[in-house]
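Participant: A predicted structure for the sequence below; I have some questions about it.
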Number of protein chains: 2
Amino acid sequence: MTESVHDYMTRLGQAARQASRVLARASTAQKNRALQAAANALDAARAELTAANELDLSAARASGLEPAMVDRLALTPKVIDGMIEGLRQVATLPDPIGEIQDMRYLPSGIQVGRMRVPLGVIGIIYESRPNVTIDAASLCLKSGNATILRGGSEAIHSNQAIARCIQQGLAEADLPAAAVQVVETTDRAAVGELISMPAFVDVIVPRGGKGLIERISRDAKVPVIKHLDGVCHVYVDIAADIDKAIRVCDNAKTQRYSPCNAMETLLVHSAIAARVLPPLAAIYRDKGVELRGDAATRELLGSDVLEASEDDWFAEYNAPILAIRIVDSLDAAIEHINHYGSQHTDSIITENFSDARRFLTEVDSASVMVNASTRFADGFEYGLGAEIGISTDKLHARGPVGLDGLTSQKYVVFGDGHIRT
Amino acid sequence: MTESVHDYMTRLGQAARQASRVLARASTAQKNRALQAAANALDAARAELTAANELDLSAARASGLEPAMVDRLALTPKVIDGMIEGLRQVATLPDPIGEIQDMRYLPSGIQVGRMRVPLGVIGIIYESRPNVTIDAASLCLKSGNATILRGGSEAIHSNQAIARCIQQGLAEADLPAAAVQVVETTDRAAVGELISMPAFVDVIVPRGGKGLIERISRDAKVPVIKHLDGVCHVYVDIAADIDKAIRVCDNAKTQRYSPCNAMETLLVHSAIAARVLPPLAAIYRDKGVELRGDAATRELLGSDVLEASEDDWFAEYNAPILAIRIVDSLDAAIEHINHYGSQHTDSIITENFSDARRFLTEVDSASVMVNASTRFADGFEYGLGAEIGISTDKLHARGPVGLDGLTSQKYVVFGDGHIRT
């Protein structure tokens, strides 16, 4: 194209802003129709999707991309089923837009409450998985926001094939095409433009590796809803029920190793360590989990537990590795978590009411749990119906971000000719 | 001082971060005690406050500061009374911290809800009025946040005298001195440091002129809760009650001219203009309000109404000047507001249910009203008990920001040894 990247992105931004005004007042039925029609379009376009994906896959293989990355790029029939199912599920969720809360009379006689409204235009920047295109677009559409999607250049053909199905859905529901736009250039400058257009983009949601997210957060001129690390802890308190402790610690580490809500460091009170750690260590060894401990842990479990370094307490392994530390008090556990953790998800195992209460109050993380596995920290498990990500920020949205996190609330005021005196 | 501004601000930041952990778990009684004790300290320190203020006032006069600015700097007995009263009032407000909402069981058996927690450390940057020191410090303290306050250099002695009273309050309540810190250097570099320490500062609230706020928003490396323009509209619909229209339009413009929630542009439906505008114009003329209108308005009201330019539709006068435009439809009114407005506060005067409903939905402003004066857009009038400002942002806090706007919500999860399967 002869148009500059700046002009191209500005054009996308302007179109998105205009479309956002139409979407903001679109009816629930209209938005759901678009989602269902896009699902039907995906189902009818399986051959085209596979063909487009094949272009990306062979380019990726030819360029020597790691096999794991190539796998993430693949639009298998199962991934396509998942996208279709995801669209239909978002269509069944309650529409957050227009919900009015806390309407009440004030002494002056006016009635004041808050109405949920879309944020406006959301920019999504993501890496290889092309199914994010559907995830993100469907949640933004349902919450009345226009979206500009910038996927990885290695998935460009797949993303554009998916975008065509979304376009079909929008057209069938009489919604503007610019409600969901997929950036068509692979020029990296497009990302820089997308994050620097406060007039046209209200918030950026980056999804991908930590490097990408840090870069975007640093450079963005618009607010970013972001997820950085998931250094999650389970603390087995002196008053823990041993069976619950073992069950939860096993699950939090081994149910899946890669998610951000998997446990990375296990803290155990010294008075209970001898009863909890040996049976747990046996389970972890059976499952091939590498253990790294402090001196007390190694003394208890034996020297095949590696010595944990300072770096281990900060580490997000996303792998079958676990750091273990024995602490002498609840205070020490809380201090460890607030110092080394990433404010993502932390759980205490205890039967003691006051210890639970202190942990909930004093651990400064997006999710704090009592007697539950950190693996529950997830929009679906929390009943949000879906999630666009897990925020480790404090402002706006914290923890799993569902439809509500993509909205804002404005004040509505009713009067009867009321004036201020 | 021999310490660099960077080192000095870093030291403040570190101290604030540490103090924020103590404040986050401070009891309601302890926070209230600090507020009451600070009020008592202010009351006991009237002479010192006046003396310190006199230093600032004479320096300001000597430097040729405008009389209006000098006035804003003055700590009169009435202003001191207001600060004392403000502290006592914040002490009586309900404590938002620890409030748990929406706790419910999910299909997996876990119980999930959200707990209100402080944001952490809040940086406040403000211009001349020294009483902002008390306003901001009291709201941040009540909401469990540590604060770093950077007032204008012209108020440095007053701010430090006020800070000493706050310190007394903190000490009497056994809260750390670093819970509220007033920046002691007048070096402008301190602002640049304060807005660039994401490790130590969670959010910046600038209070002052538009120039200051734009500069801070542009340069900040941490989120900013900001208030830009207040270009507020009243739209008199075709179905308006004439008496209500006149009452509200008079109040919205003339009750006070300088606040950001005063009406700046009046829109009137053409079918009702001849009944609404002449009596309104008479009121405005009586009160000395300069009118600027479009052609239709001037035809109706006479040529002493000045011709409104394109700039007038964008203008925030904060003065006895009003722009008036006659529109042919509700659509035209909504379009005008969304195009020229500042998304602050806009009101429709109508008895028609569907027109009211459309206006509420389609006007994209922080406060949308029906049959009420825009002057109600205020934290006190909305029942928030206090306000740290009015946000024209959409993310996090929109509209008047009270204690809740200085908090975040984390998820709390209760289980009984629950694991994810």
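Facilitator: Happy to help now that I have it. Nothing here was measured: the structure is a model prediction, and the numbers come from that model. Residues are numbered from 1 along each chain as shown, chains lettered A, B, ... in the order given.
Participant: for A:Ile100, what are phi and psi?
Facilitator: Taking degrees, to the nearest 10, you get phi -110, psi 130 for the backbone angles of A:Ile100.
Participant: roughly how far does it sit from B:Ala333?
Facilitator: Distance from A:Ile100 to B:Ala333, counting by Cβ to Cβ, to the nearest Å: 22 Å. The C-beta positions use only the backbone N, C-alpha and C, and glycine is treated the same way.
Participant: and the helices in the stretch 101-250 of chain A, which stretches?
Facilitator: The residue ranges that make up the helices of the stretch 101-250 of chain A, judged by DSSP state H, counting those that start in this stretch, are A:132-142, A:156-172, A:189-194, A:210-219, A:242-254.
Participant: between A:Ile100 and B:Ala333, point out the one with more neighbours.
Facilitator: Under the neighbour definition other Cβ atoms under 10 Å in any protein chain shown, A:Ile100 and B:Ala333 were set side by side, and B:Ala333 has more, 26 against 12.
Participant: what about that one, helix or strand, and which?
Facilitator: Using DSSP states H and E, B:Ala333 sits in helix B:330-340.
Participant: that helix and chain A, are they touching?
Facilitator: Yes - under the criterion of Cβ under 8 Å from any Cβ of the partner chain, helix B:330-340 makes contact with chain A via B:Asn338.
Participant: packing partners of that helix?
Facilitator: Applying 3 or more Cβ pairs under 8 Å, 6 or more residues apart in numbering or on different chains; DSSP states H and E, we find helix B:330-340 packed against strand B:232-236, strand B:263-269, helix B:310-314, strand B:321-327, helix B:353-362.
Participant: most tightly surrounded among those?
Facilitator: strand B:232-236 (a mean of 28; mean count of other Cβ atoms under 10 Å in any protein chain shown).
Participant: what about the residue of the stretch 251-400 of chain A at minimum distance from chain B, how many neighbours?
Facilitator: Among the residues of the stretch 251-400 of chain A, A:Ala372 lies nearest to chain B; the distance is 3.0 Å by Cβ to the nearest Cβ. Residues within reach of A:Ala372, counting by other Cβ under 10 Å, total 32.
Participant: show me where chain A dips below the pLDDT cut-off.
Facilitator: Applying pLDDT under 70 to chain A flags residues A:1.
Participant: what's the domain layout of it?
Facilitator: Structural domains of chain A, as assigned by automatic domain parsing, span the residue ranges A:5-225+A:401-412, A:232-376.
Participant: surely A:Ala323 meets A:Leu267?
Facilitator: No - in this structure A:Ala323 lies outside contact range of A:Leu267 using Cβ atoms under 8 Å: 9.3 Å.
Participant: wait, what's in contact with A:Arg247?
Facilitator: A:Arg247 makes contact with B:Gly417, B:Ile419 under the criterion Cβ atoms under 8 Å, 6 or more residues apart in numbering or on different chains.
Participant: how near is the residue of the stretch 251-400 of chain A closest to chain B to A:Pro118?
Facilitator: Distance from A:Ala372 to A:Pro118, counting by Cβ to Cβ: 33 Å.
Participant: repeat that for A:Phe314.
Facilitator: With distances defined as Cβ to Cβ, the gap from A:Phe314 to A:Pro118 amounts to 38 Å.
Participant: same check on A:Ala45?
Facilitator: Counting by Cβ to Cβ, the separation of A:Ala45 from A:Pro118 is 28 Å.
Participant: the more surrounded of the two?
Facilitator: A side-by-side neighbour count of A:Ala45 and A:Pro118, using other Cβ under 10 Å, places A:Pro118 first with 27 against 18.
Participant: A:Ile97 is in contact with the more buried one, correct?
Facilitator: Yes - contact criterion Cβ under 8 Å: A:Pro118 and A:Ile97 qualify, at 6.2 Å.
Participant: identify the contacts common to the two.
Facilitator: With contacts defined as Cβ under 8 Å, 6+ apart, the residues shared by A:Pro118 and A:Ile97 are A:Ala24, A:Ser143, A:Gly144, A:Thr407.
Participant: name only those of the residues you listed that count as buried.
Facilitator: Neighbour-count burial within those applies to A:Ala24, A:Ser143, A:Gly144, A:Thr407; the criterion is 16 or more other Cβ atoms under 10 Å in any protein chain shown.
Participant: among the residues you listed, which lie within strands?
Facilitator: Among those, the subset assigned to strands under DSSP state E consists of A:Thr407.
Participant: A helix includes A:Ala60, no?
Facilitator: Yes - counting by DSSP: H, G, I helix; E, B strand; the rest coil, A:Ala60 falls inside a helix.
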